[in-house]
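**Student:** model the structure of this input:
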Amino acid sequence: MGKVESITIEGLDLWFNSSDHLPPHLHASKTGHWEIRVFILECNQRLLSHTVKWSRFGKKPGSQELNEVLKAVLEHRDELLREWERKVVTSR
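**Tutor:** This next block holds a predicted model:
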């Protein structure tokens, strides 16, 4: 597992799983509440392409949290993809 260094979002943990599957994605979680998988290349100005991996007691990411993740992914997409290559693809 490799912590995402390209972006930080207060209150969220962001990481790449080593030897993970395509397409390039990162994991984001709010400890004890939920975890989502964010598909880096599929995000656009109107959509955070993600799936909820798990949530506890029906707690899911709020719109403000999702918007923060989307903004960070769009602003740092190239850096995230380079980091994905370093931390995920090369560890296979």
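**Student:** do a quick rundown of the helices in the protein.
**Tutor:** Secondary structure of the chain by DSSP state H: the helices cover 63-75, 77-87.
**Student:** I'd like the ones you listed as JSON lines, with distance to H21 appended.
**Tutor:** Quick note: C-beta positions are derived from backbone N, CA and C, even for glycine. Shown next, in JSON lines, are those (distance: least, CB to CB, whole Å):
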{"stretch": "helix 63-75", "distance to H21": "18"}
{"stretch": "helix 77-87", "distance to H21": "12"}
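**Student:** residue contacts, I7?
**Tutor:** L14, A72, V73, E75, H76, E79, L80 (CB atoms under 8 Å, 6 or more residues apart in numbering).
**Student:** repeat that with 10 Å
**Tutor:** 14, 26, 28, 68-69, 71-73, 75-76, 79-80, 83 (CB atoms under 10 Å, 6 or more residues apart in numbering).
**Student:** likewise for V52?
**Tutor:** Counted by CB under 10 Å, 6+ apart, V52 has contacts W34, E35, I36, R37, K60, P61.
**Student:** so which of these are in strands?
**Tutor:** When DSSP state E defines the strands, the subset of those inside them is W34, E35, I36, R37.
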